[in-house]
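In: Predicted model follows, preceded by the sequence.
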Amino acid sequence: MLRQGLFKYIRANSYNILVFCVVLIVIIISLQHLTTWPRIFYDEGITIEIARNFQLFGVLDISTAPGQFTDVPYITGSNGFPVTLPLALFFKLFGFGLFQARIYALVWLTVFFAVFYLFTKRFWGSANALSAVLLIATFAPVYDMGRRVLGEIPGFIFLLAGLFFLMARQKDITKYPYTGVAAGLFFGLAMISKPSIYLLVAPALILAAILINYDLRKKIIPILIGILPSIILWIFFAFPNPFSIETWKEILLFYQNPAASASLLQNFSRNISLFLYHTTLIYFSLLSIFIIYVLIALRRPIRTDLFLSFLIPYGILLLIYFLKSPGWFKYLIPLQLFILMIFPAHLELALAKLNKTRYYRAIIMGLVLIQGIQLLFFSNITKATSEPEDVANYLNERSGMVGILNSPHIAGLIPPERKLHYITQNEQVIIGDNPLDLPQAGLPKFLVMPADFENSRPFSEKQKMNFNNYKLIRSGKWNVFELQ
């Protein structure tokens, strides 16, 4: 009797159990090379430092010298307070280190899988939700972004939560009048988690309300009201001089061209050409074309579908943002996740129309196999390295000030009272003062820089003279020098 009850329970919850097993495998594999696979990332080092500085000093900013901060956290901090504030609390509770930061990121990744599955199951069924989970579990960028302390995955969680409140009661807005505000609260948290890609959520919603969906038109004001608190808090934390016109001019200039590329037109032409030969772009283009074909062939109603009403303008805005970038694929992550989410449901619709549903599992498993092979053998993510952490540990075992040039990967792991932090993001964005510009008597004992830094950023005559006082004591991707 007990055995029959157990079998009955397993049969009734088979999809949930399989998803649990997939997530468990992801967690176990992630724990094997937690701090080295993938290596610590530029933006991740900055996020770790910002969280630590808030824990120690109550300041959401990176430090350039003991007791000094950049005063432009809206530029230096690419991940917002929904990511950094909980991380600061995590450090307070469990201690500081890259290990703790990666455990924190793994918690977010686990929540992401759960929310992704529950959302997809709610709107497209258990079988399609399991298929979507298998697709994202073998999608390399999920590990690239999700195992690092970055805002893409937390932001997507909040975005799905906002869409859930938006879609769950779309047919009965009069009975549930506050769902728009609730959706807006989560949309706001998403926008601030990773402003570069999620700030576009608000204009996408506005465009969808004006041009596509009448139901969304009725909800747009409550949604925008719900978004407002997060925007206000973001301005409070990230904008030291929010009432300065110069501050907002600087922000607009930065977000128009974050990489300070020489020519946006060149970026557009180069990035459009990528769709002809880059395998990832070709892959997602084919999936997108298939989904669009199914929608047209089956005459699926878009104007009454809140999800598609939002996804179409948001996807277009993300594509434009990617095209004007130097080719940063991270800007396409939300769109790629949405495509993997809805592909199984549209595949099921197409096969049902053709009476070929027996091919559903084979097609899904074929795509999972292709993605898995790419993840394991052709992505950079599995190339583990502990060098940034090793360099930081090497310096932390010694005494004396450390001058750090263009290496947030390492700076985030050095105590703030011991470092001089200098970052040249581009010719327009230079953070801190180059330690080599100090008087000879005030030079830091140690100097850290990427191996090619002196070639990519030529030293001035004074910097060359001061640099001659240093001796190389550790070489690699980052070189460490000691004052003689």
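Out: Cool, the structure landed. Numbering: from 1, shown residues only.
In: pLDDT below threshold where in the chain?
Out: Residue ranges of the chain with pLDDT under 70: 1-6, 9, 12, 169-177, 247, 253-262, 382, 426-428.
In: Strands along that one, start to end?
Out: 63-65, 68-69, 402-405, 419-424, 430-431, 446-450, 470-474, 478-483 (DSSP state E).
In: List the contacts of the fifth one.
Out: With C-beta atoms under 8 Å, 6 or more residues apart in numbering as the test, strand 430-431 has contacts from Ile62, Thr64, Thr70, Val72, Thr76, His421, Tyr422, Ile423, Thr424, Gln425. Every residue, glycine included, has its C-beta placed from N, CA and C.
In: re earlier: highest average neighbour count across the strands of the chain?
Out: strand 402-405 (a mean of 25; mean count of other C-beta atoms under 10 Å).
In: what's in contact with that strand?
Out: 395, 410-411, 414, 418-422, 434-436, 443-450, 453.
In: Also stretch 475-484?
Out: 385, 387-388, 391, 394-395, 407, 409-410, 443-451, 467, 469-474.
In: okay, how far is it across that stretch, tip to tip?
Out: 17 Å (C-alpha to C-alpha, to the nearest Å).
In: Ok, stretch 397-409 next?
Out: End-to-end distance (C-alpha to C-alpha), stretch 397-409: 18 Å.
In: Measure how buried Ser269 is and give me the count.
Out: Ser269 has 11 neighbours, counted by other C-beta atoms under 10 Å.
In: same thing with Phe165?
Out: Around Phe165 there are 23 residues (other C-beta under 10 Å).
In: doesn't Phe187 make contact with it?
Out: No: here Phe165 does not reach Phe187: they are 9.1 Å apart, not a contact under C-beta atoms under 8 Å.
In: Out of the contacts of strand 430-431, which comes closest to Gly366?
Out: Gln425 (41.7 Å; C-beta to C-beta).
In: quick one: that closest one from Asp433, how far?
Out: According to C-beta to C-beta, to the nearest Å, Gln425 and Asp433 sit 15 Å apart.
In: residues contacting the most centrally placed residue in the chain?
Out: In the chain, the residue lying closest to the centroid (C-alpha atoms, centre = their mean) is Glu152, at 2.3 Å. Residues counted as contacts of Glu152 (C-beta under 8 Å, 6+ apart) are Met145, Gly146, Lys194, Ile197, Lys330, Ile333, Pro334.
In: go on, Ile302?
Out: Counted by C-beta under 8 Å, 6+ apart, Ile302 has contacts Ile212, Leu295, Leu308, Ser309, Ile312.
In: filter these to the buried ones?
Out: The neighbour-count criterion (16 or more other C-beta atoms under 10 Å) marks Ile212, Leu295, Leu308, Ser309, Ile312 among these as buried.
In: want to throw the residues you listed into CSV with distance to Ser263?
Out: Listed next are the buried ones among the contacts of Ile302 as CSV, based on distance: C-beta to C-beta, whole Å:
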residue, distance to Ser263
Ile212, 33
Leu295, 36
Leu308, 34
Ser309, 34
Ile312, 29
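In: Between all of those residues, which two are separated the most?
Out: Ile212 and Leu295 (13.3 Å).
In: Would you mark the buried spots in stretch 207-218?
Out: Leu207, Ala208, Ala209, Ile212, Asn213, Asp215, Leu216.
In: biggest separation within the residues you listed, which pair?
Out: Applying C-beta to C-beta across the buried residues of stretch 207-218, the maximum distance is between Leu207 and Asp215, 14.9 Å.
In: picking up where we left off before, and the buried residues of stretch 207-218, which of them are in helices?
Out: Leu207, Ala208, Ala209, Asp215, Leu216 (DSSP state H).
In: Return the member of these nearest to Pro326.
Out: Of those, the one sitting nearest to Pro326 (C-beta to C-beta) turns out to be Leu207, at 25.9 Å.
In: residues touching that closest one, list them.
Out: Contacts of Leu207 by C-beta under 8 Å, 6+ apart are Pro313.
In: ok, Arg474 - contacts?
Out: Applying C-beta under 8 Å, 6+ apart, the residues contacting Arg474 are Val391, Tyr394, Val480.
In: Sorry, wrong one. I was asking about Gln463.
Out: Residues near Gln463 by C-beta under 8 Å, 6+ apart: Asn434, Leu436, Asp437.
In: same thing but at 6 Å, please
Out: Leu436 (C-beta atoms under 6 Å, 6 or more residues apart in numbering).
In: ok, Val26 to Pro141 distance?
Out: Counting by C-beta to C-beta - Val26 and Pro141 are separated by 14 Å.
In: follow-up on the earlier one: can you tell me which of the contacts of Glu152 is closest to Phe20?
Out: Nearest member of the contacts of Glu152 to Phe20, counting by C-beta to C-beta, is Gly146, at 17.6 Å.
In: Next, count neighbours for that closest one.
Out: 24.
In: Quick check: closest non-adjacent residue to it.
Out: Distances taken as C-beta to C-beta, 6 or more residues apart in numbering put Leu109 closest to Gly146, at 4.0 Å, once the chain neighbours are dropped.
In: What is the burial count for the one you found?
Out: 24.
In: could you flag which of the contacts of Glu152 are buried?
Out: Met145, Gly146, Lys194, Ile197, Lys330, Ile333, Pro334.
In: Let me know the closest of the residues you listed to Trp124.
Out: Using C-beta to C-beta, the buried ones among the contacts of Glu152 come closest to Trp124 at Pro334, 17.9 Å.
In: Enumerate every residue touching that closest one.
Out: Pro334 neighbours (C-beta under 6 Å, 6+ apart): Phe156, Ile197.
In: mind running it again at 8 Å?
Out: Glu152, Gly155, Phe156, Leu159, Ile197, Tyr198, Tyr314, Leu318.
In: and it, how far is that from Ile410?
Out: The value you get for Pro334 to Ile410, if C-beta to C-beta is used, is 30 Å.
In: Tyr277 now?
Out: For Tyr277 relative to Ile410 (C-beta to C-beta), the value is 35 Å.
In: With Phe307 instead?
Out: 42 Å.
In: who has more neighbours, the two?
Out: Per other C-beta under 10 Å, whichever of Phe307 and Ile410 has more neighbours is Ile410, with 26 against 19.
In: list the contacts for the more buried one?
Out: Applying C-beta under 8 Å, 6+ apart to Ile410 gives the contacts Gly45, Pro388, Val391, Ala392, Leu395, Ile404, Val448, Trp478.
In: Could you report the distance from the residue nearest to Phe94 when sequence neighbours are not counted to Leu89?
Out: Leaving aside its sequence neighbours, Phe94 sits nearest to Gln100 (C-beta to C-beta, 6+ apart; 5.1 Å). Separation of Gln100 from Leu89 (C-beta to C-beta): 11 Å.
In: Same drill for these two, tell me which one is more crowded.
Out: Per other C-beta under 10 Å, whichever of Gln100 and Leu89 has more neighbours is Gln100, with 18 against 14.
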